[in-house]
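**Q** Predicted model and sequence below, questions to follow.
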Amino acid sequence: MNLLDVEGLHVRYAGQAEDAVEGVSFSLAAGETLALVGESGSGKSTTGFAVLGLLPAQAHVRASRLDFAGQALLGASEARLREVRGGGIGMVFQDALSALNPLLSIGEQVAEAVRLHLPVSRAEARQRALGLLRQVRIAEAERRYDDYPHRLSGGMRQRVVIAMALAGEPQMLIADEPTTALDVTIQAQVLRLLADLQAERGLALLLITHDLGVVAEMADRVLVMRHGRALEQREVQALFSAPQHPYTRQLLAACPPLGALP
Ligand SMILES: Nc1ncnc2c1ncn2[C@@H]1O[C@H](COP(=O)(O)OP(=O)(O)O)[C@@H](O)[C@H]1O
Ligand SMILES: [Mg+2]
């Protein structure tokens, strides 16, 4: 049973001569990680946003199938989409600083995200928010609850964003370049955290990245995108050991030597 089924996804931005996403298909089951890789501008973020119905109005989206948990997302009401966003699918954006409200403490923001999706009291939302801050391994969560985002390091802020994405108890996460803005050592910690949370919760993960090191570390399957098209879609080991498309070979050749494959 797939959680997400996407078939023949097309996105065209108004005024553009070509589709930003052109006939991309993929599916994702619980517990599974699919990486979307490709250079900047290949249509990765557009694909992720299309799944959540978060593209701007000038984007025209069509697909022969865009289903989450067996229900069509294309043409769904705004109310249903709001339910899916955060409730079914949590979103982790690249830029934690702009994803967070500078005027609210991190604890309040996580608690607000909880209340948006779950029918709980303020007190219970606070307890859940504290629990989430602990789960994303923010040390001394109780004390940090009242801190404002600017008091935290980039890595800690990204942990808060992950806590918010988990607040509605989603079955799936879409993470768009979740560690690109971070230092390499912090990147590794945040990826480890994502992988652990995914395993604990059996989450499906759609991981958008241009970094093949991240793919090798995290993905079960890989979809390589270029100019809006899906070039190949393979198990991660097969992709690294025997890339089929010349462009994939180029990508691999351009990538610094990878550590041990999973
Ligand atoms: N809001 C927008 N309006 C018009 N074109 C856009 C918009 N967002 C992205 N694009 C175009 O769509 C293509 C895919 O972009 P994007 O999905 O952001 O790629 P990626 O995430 O792989 O870097 C690019 O050519 C980009 O210029
Ligand atoms: Mg992008």
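**A** Arrived safely. Predicted, not measured: the structure shown is a model, and the values here were computed from it. Ligands and ions are numbered 1, 2, ... in the order given.
**Q** what's the longest helix along the chain in contact with?
**A** Ranked by number of residues, the top helix in the chain under DSSP state H is helix 184-201. Applying C-beta atoms under 8 Å, 6 or more residues apart in numbering, the external contacts of helix 184-201 come out as 31, 33, 92, 135-137, 153-155, 158-159, 162, 166, 173, 175, 178-179, 182, 203, 205, 214, 217-218. In short, each C-beta sits where N, CA and C put it, glycine included.
**Q** Just the ones of the residues you listed in helices?
**A** Short answer: those in helices (DSSP H) are 135, 154, 155, 158, 159, 162, 166, 214, 217, 218.
**Q** ok, which pair from those is furthest apart?
**A** The largest separation in these, counting by C-beta to C-beta, is between 135 and 214 at 21.5 Å.
**Q** More neighbours: which of these two?
**A** Between residue 135 and residue 214, residue 214 has the larger neighbour count (other C-beta atoms under 10 Å), namely 22 against 18.
**Q** show me the contacts for the more buried one.
**A** Listed by C-beta under 8 Å, 6+ apart, the contact partners of residue 214 are 35, 179, 187, 191, 207.
**Q** Can you tell me which of those residues has the most neighbours?
**A** Going by other C-beta under 10 Å, residue 207 tops these with 29 neighbours.
**Q** Are we agreed that that one is in a strand?
**A** Yes: counting by DSSP: H, G, I helix; E, B strand; the rest coil, residue 207 is located in a strand.
**Q** ok so, going back, so which of the ones in helices among the contacts of helix 184-201 comes closest to ligand 1?
**A** Using C-beta to the nearest ligand atom, residue 214 is the member of those that sits closest to ligand 1, with 14.3 Å.
**Q** what's around residue 162, how many residues?
**A** Residue 162 has 24 nearby residues by other C-beta under 10 Å.
**Q** An error on my part: the question was meant for residue 241.
**A** Neighbours of residue 241 (other C-beta under 10 Å): 10.
**Q** List of residues touching stretch 78-96?
**A** Against stretch 78-96 from outside (C-beta under 8 Å, 6+ apart): 4, 48, 51-54, 68-69, 71, 73, 76, 99, 113, 116-117, 149, 154, 157-158, 160-162, 164-178, 180-181, 194.
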